[in-house]
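J.: Dropping the sequence and predicted coords here.
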Amino acid sequence: EPEVTQTPSHQVTQMGQEVILRCVPISNHLYFYWYRQILGQKVEFLVSFYNNEISEKSEIFDDQFSVERPDGSNFTLKIRSTKLEDSAMYFCASTLGTGGKLFFGSGTQLSVL
Amino acid sequence: TQLLEQSPQFLSIQEGENLTVYCNSSSVFSSLQWYRQEPGEGPVLLVTVVTGGEVKKLKRLTFQFGDARKDSSLHITAAQPGDTGLYLCAGDLPNNNDMRFGAGTRLTVKP
């Protein structure tokens, strides 16, 4: 089965530093998402992306966050100046159409020290 | 307040028992999905329900979508230790382009 791949699997950074989390969605998918999950807590929606622009974003996704699809395959999440509370597992997901099967990557564990 | 309330939050049962977990909301969804998540991994889709009143079966798992498309339940018959995991429901709101997750039910099935 095709899969969403995320790199790196673990990222440790200092508070205030910029991080870029990378994702390669499934090739024919059209909708892309970032979610995060703080340890032991719920999966939280961050942002959805379609047709090269953000279509929805949550209150978590403030101006410290940005997403990009720089080429035809990668989908990145940038955190401009990380805070301690940004420490979480970040999941990328993609789907062919809204309401369709959402395929998740295995996540990037971000630790902000 | 959460858009989707899942209950119970934790459930620990013996192998062979039956269980039901619930996903409730005051909002109407275009579709609702159930996922299972293992530690350190992303959620994996189990089922999607779309029609109010719909019932879907996946081996020992039975999923039901409420008539009003606001709630759903997952029933597991004769639970096995391999069923242990975090069960998440996620709803697709009409005219919206995201999936919102409940907080999950953490199930432990003891041998």
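T.: Right, received. Where do you want to start?

J.: Identify the bridge partners of the residue in chain A that chain B sits nearest to.
T.: Going by CB to the nearest CB, chain B is nearest to A:F104 of chain A, at 3.1 Å. C-betas here are computed from N, CA, C, even on glycine. Taking DSSP bridges, one finds A:A93 as the beta-bridge partners of A:F104.

J.: list the contacts for B:R69?
T.: For B:R69, the set of contacting residues under the criterion of CB atoms under 8 Å, 6 or more residues apart in numbering or on different chains consists of B:V28, B:F29, B:S30, B:L32, B:G52.

J.: Intersect the residues you listed with the contacts of chain A.
T.: By CB under 8 Å from any CB of the partner chain, the members of these lying near chain A are B:S30.

J.: separation between B:K70 and chain A?
T.: B:K70 sits at a distance of 16 Å from chain A (criterion: CB to the nearest CB, to the nearest Å).

J.: per-residue pLDDT, the residue lying closest to that residue once chain neighbours are set aside?
T.: Counting by CB to CB, 6 or more residues apart in numbering or on different chains, the nearest residue to B:K70 once its immediate chain neighbours are dropped is B:S25, at 5.2 Å. For B:S25, the pLDDT comes out at 94.

J.: pretty sure B:S25 is touching B:L3, no?
T.: Yes: applying CB atoms under 8 Å, one finds B:S25 in contact with B:L3, separated by 5.9 Å.

J.: Pull up the overlap in contacts between those two.
T.: Taking CB under 8 Å, 6+ apart as the contact criterion, the common neighbours of B:S25 and B:L3 are B:G91.

J.: Looking at these two, which is more packed in?
T.: When neighbours are counted by other CB atoms under 10 Å in any protein chain shown, B:S25 comes out ahead of the other of B:S25 and B:L3, with 23 against 15.

J.: Quick check: phi and psi on the more buried one?
T.: Per-residue torsions, B:S25: phi -150, psi 160 (degrees, to the nearest 10).

J.: can you give me the strands in chain B?
T.: Taking DSSP state E as the criterion, chain B contains strands spanning B:5-7, B:10-14, B:19-24, B:31-37, B:44-49, B:55-58, B:61-65, B:71-76, B:85-92, B:99-101, B:105-110.

J.: mind checking which of those strands is nearest A:R36?
T.: Judged by CB to CB, the one of these that comes nearest to A:R36 is strand B:99-101, at 10.9 Å.

J.: list the buried ones in the closest one?
T.: Neighbour counts using 16 or more other CB atoms under 10 Å in any protein chain shown place B:M99, B:R100, B:F101 of strand B:99-101 among the buried residues.

J.: Now do B:L11 against B:F65, distance only.
T.: Relative to B:F65, B:L11 is positioned 21 Å away (criterion: CB to CB, to the nearest Å).

J.: no wait, A:D63
T.: Taking CB to CB as the criterion, A:D63 is separated from B:F65 by 38 Å.

J.: swap in A:S81?
T.: Taking CB to CB as the criterion, A:S81 is separated from B:F65 by 43 Å.

J.: ok, those two, which is more surrounded?
T.: Set A:S81 next to B:F65 and count neighbours by other CB under 10 Å: B:F65 wins out with 24 against 11.

J.: you'd agree that one is up against B:W34?
T.: No: B:F65 is not in contact with B:W34 according to CB under 8 Å; the separation is 10.2 Å.
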